[in-house]
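Novice: model this:
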Amino acid sequence: MARTERVKSMSATYNAASGTGVSTPSTWRGLAMGRSGSDLVIASLLVLAGLATLLFGEPYWLLGAQVAITMIFALSVDLLVGFAGIVTLGHAVFFGLGAYTVGIASVHLGWTEPLSGLLLAGASAGLLGLGTGVLVLRTKGLGQLMLTMAFASLVYEIANRAKPVTGGADGLQGVIVAPIFGLFDFDIFGLTAFLYTLAVLGIVVLFAVLMTRSPYGRSLVGIRENRVRMQAIGTNVQQRLLSIYVVSAALAGVAGALLAQTSQFVGLNALHFGLSGEVLIIVALGGAGRLWGALLGAVVFSLFKDRLSALDPAYWYFWLGLLLAVIVLFAPKGLIGLVDRLMAALHPKEAQ
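Specialist: I've put the predicted structure just below:
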């Protein structure tokens, strides 16, 4: 009997990873998004937080826009790290490229239309992801980390030295963004920026959920868990990894473009190595491989960073690090792991 159950479990996992056959609901949720109850709880909380931010008024709109941008960036990294198992320490290069694409197009080319600017930024970051991904994915482990850092450092230095185009260390100022659909201006209170970033976040999240629940997304999890087995069943592993690398880069570029459009300024900090480290912390904090966990981690990290920097401008990094250390020690699976445990305690029969 036990042998039969193991065979069924292996068959379901094979079908879920390869996209063939019909997998069981529990396997499907585990490979794609985790426990649906936890995901629903977090999604509901995030929606309520967005509505509350809208109702609270002006002081929170710009902060809400920044949080939404961070959520998109974190989601792009989670697709790469959590689902495909590709670790990078240079993902800020795509974020910064998206920001500079919009800024340069506006300042030097007069291209101020926001929606097409997002598409242009995503395409630029995706192309860079395609060019660098071919080389990055030829390596593994420490070599892969070093290569992503090397590419990020090169682009950072290029942006620093190309002062006539990028503004160098002074940043690119004078970025102009036209009204959305010709109707909605980016006001100084931040309402348009908040609603705009929120709408883009909704589209990106919907895209990510559909992709990770598709056979393609499940094949990425299969590659992360056992690359040799996925190759044995006929999956073109290198092609799948390169494609998700490009998608992740494009989404990071969209997040960077949103930052440039809402702040109307682009600085070298958008390409800084520290940003790549922060977004990895966010993914680990929320729970890698769980999209809703990454989104929750982005919200918690951004809010704590904002509050702690206001309370203690000199040593806020110490308190942030201490808080993150405590969370990691007591929640090794991230914040979404805590939600899973809470849901299991509330519904013990369903957890079994």
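
Novice: CA atoms for contacts and neighbours, from now on please.
Specialist: OK.

Novice: how close does residue 311 get to residue 305?
Specialist: Separation of residue 311 from residue 305 (C-alpha to C-alpha, to the nearest Å): 10 Å.

Novice: Compare those two and say which one has the larger neighbour count.
Specialist: Taking other C-alpha atoms under 10 Å, residue 311 and residue 305 do not tie; residue 305 has more neighbours (15 against 10).

Novice: right, and residue 194 touches residue 60 too?
Specialist: No. Using C-alpha atoms under 8 Å, residue 194 makes no contact with residue 60, being 9.1 Å away.

Novice: neighbour count winner among the two?
Specialist: residue 194 (25 against 18).

Novice: which SSE is the more buried one in?
Specialist: Using DSSP states H and E, residue 194 maps to helix 191-212.

Novice: and after that helix, which helix or strand comes next?
Specialist: Using DSSP H and E, the first helix or strand after helix 191-212 is helix 215-225.

Novice: what are the C-alpha coordinates of the next helix or strand after that next one, in PDB please?
Specialist: In the C-terminal direction, the helix or strand that comes right after helix 215-225 (DSSP H and E) is helix 227-232. Output of helix 227-232 as PDB, limited to C-alpha atoms (Å, rounded to 0.1, in the frame of the first residue of the first chain):
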ATOM      1  CA  ARG A 227      17.500  19.600 -13.300                       C
ATOM      2  CA  VAL A 228      18.800  16.200 -14.500                       C
ATOM      3  CA  ARG A 229      15.400  14.600 -14.300                       C
ATOM      4  CA  MET A 230      13.800  17.400 -16.200                       C
ATOM      5  CA  GLN A 231      16.400  17.000 -19.000                       C
ATOM      6  CA  ALA A 232      15.600  13.300 -19.000                       C
END
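
Novice: Buried residues of helix 227-232, list them for me.
Specialist: 227, 230 (16 or more other C-alpha atoms under 10 Å).

Novice: ok, then the element right after that helix?
Specialist: helix 237-263.

Novice: So residue 68 versus residue 326, what's the distance?
Specialist: From residue 68 to residue 326 the distance is 25 Å (C-alpha to C-alpha).

Novice: Which neighbouring elements make contact with the helix or strand where residue 104 lies?
Specialist: Assignment of secondary structure by DSSP H and E places residue 104 within helix 92-109. When contacts are defined as 3 or more C-alpha pairs under 8 Å, 6 or more residues apart in numbering; DSSP states H and E, helix 92-109 packs onto helix 114-136, helix 141-161, helix 163-166, helix 237-263, helix 273-286.
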